[in-house]
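Peer 1: Provide a 3D model corresponding to the input given below.
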Amino acid sequence: MMKGMIAGLALAAAIPSVRAETLYVSNERGNSISVIDAATMQTVATWPVGGRPRGITLTKDGKYILLCASNDHAVQIIDRATGKVIADLPSGQDPEQFFLSRDGRTLFVANEDNAALTAIDLDSRKVAFQVDVGKEPEGVAQSPDGKWVVVTSEDDGVVNWIDLASKTMVDATETDQRPRHVEFTADGKELWIAAEMGGTVQIADPATRKIVETLHFTIPGVQDYQLLPCGIRFTPDGKTAVVALGRANHVALVDVATRKVRAYVPVGKRVWHVAVSPDGARAFAANGLSDNVSVIDLAAGKVVGTVAVGAGPWGIAVAP
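Peer 2: Here you go, the predicted model:
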């Protein structure tokens, strides 16, 4: 009997934990969303959506997907149960990325064509307000305390600081070339900025709105011009930043406390954005030129699976 128990325990240990996450991947060139079962690492559905889909997230209740359909100048609401587009929100011209407010009621959208931030009230599905920002806005984030919304302006090379109380832009922080993405740490003490053409990730202090450190990346065999930081996501424990490095075809795992790269993970071609599983065990990389998603074991610092998706995967949302 004891031998049977030991054998059973050994078998249980050998079976990988079943992961219930579902991934939703926006395919920029395919005008579609790929739905991935993270447990099997298989694409289980492909949904047609609006033109040039980019930014993607889920509503707080998990019932809907919100998607920037850039060429349609709309943010689309998609029913997760059916994959059908149920509404187009008035988002302004060429929505690129957005950030769902901490309370889940407002969507802050970067409009590249008309150089503005558009705030959409999700209850009424109407524009709540709009703020002019610098040229080619893309990355958007709200500070954890709810005070700030920050928006990158790629062409101007700045991060714009919008005070939500007054709904006005009060400052602009100069960055390295073409800031593409911004991400606050959970405590709100740092803002991480991916400067694509600068080849750096810069860290700003929200208290002073000044750059306090610049991170550089070096990968053997990869030229500097290929190092194009774009997406950034933090693990739930806040200890690791997962940084997509564009045409370097790698993801960097950065220790947040020391600001040092602990590993470079080779992934598919032209990685745009990344997402992290709710348990912090895995990251997912959208590879825009190889039309696939890399599944990364964060503890091991290596790819453990590759999933074929639609044409030009750009963004990823994870549903637990």
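
Peer 1: isn't A194 right up against L227?
Peer 2: No - A194 is beyond contact range of L227, at 11.0 Å (criterion: C-beta atoms under 8 Å). From N, CA and C alone the C-beta is placed, and that goes for glycine too.

Peer 1: okay, the two: which has more neighbours?
Peer 2: Just comparing A194 and L227: by other C-beta atoms under 10 Å the higher neighbour count belongs to A194, 31 against 21.

Peer 1: does that one sit in a helix, a strand or a coil?
Peer 2: Applying DSSP: H, G, I helix; E, B strand; the rest coil to A194 yields a three-state assignment of strand.

Peer 1: Which strand residues bridge P137?
Peer 2: Note on P137: beta-bridge partners by DSSP bridges are S153.

Peer 1: name the element the residue nearest to R178 when sequence neighbours are not counted belongs to?
Peer 2: Spatially, and ignoring its direct neighbours in sequence, R178 is nearest to M197 (4.1 Å; C-beta to C-beta, 6 or more residues apart in numbering). Assigned by DSSP states H and E, M197 falls within no helix or strand.

Peer 1: now swap in I120 and tell me
Peer 2: Using DSSP H and E, I120 falls in strand 116-121.

Peer 1: Which strands border that strand, and is each parallel or antiparallel?
Peer 2: Sheet pairing of strand 116-121 (DSSP bridges) gives strand 106-111 (antiparallel), strand 126-132 (antiparallel).

Peer 1: Could you say which of the ones you listed is packed most deeply?
Peer 2: strand 106-111 (a mean of 26; mean count of other C-beta atoms under 10 Å).

Peer 1: Would you mind telling me which of the strands paired with strand 116-121 is nearest Q142?
Peer 2: Among the strands paired with strand 116-121, the nearest to Q142 by C-beta to C-beta is strand 106-111 (6.5 Å).

Peer 1: give me every residue that touches the residue nearest to R178.
Peer 2: Contacts for M197 (C-beta atoms under 8 Å, 6 or more residues apart in numbering) come out as 176-178, 228.

Peer 1: Could you do V242 as well?
Peer 2: Counting by C-beta under 8 Å, 6+ apart, V242 touches 232-235, 251-254, 274, 276, 283, 296, 298.

Peer 1: let's see 7 Å
Peer 2: V242 sits next to 233, 251, 253, 274, 276, 283 when contact means C-beta atoms under 7 Å, 6 or more residues apart in numbering.
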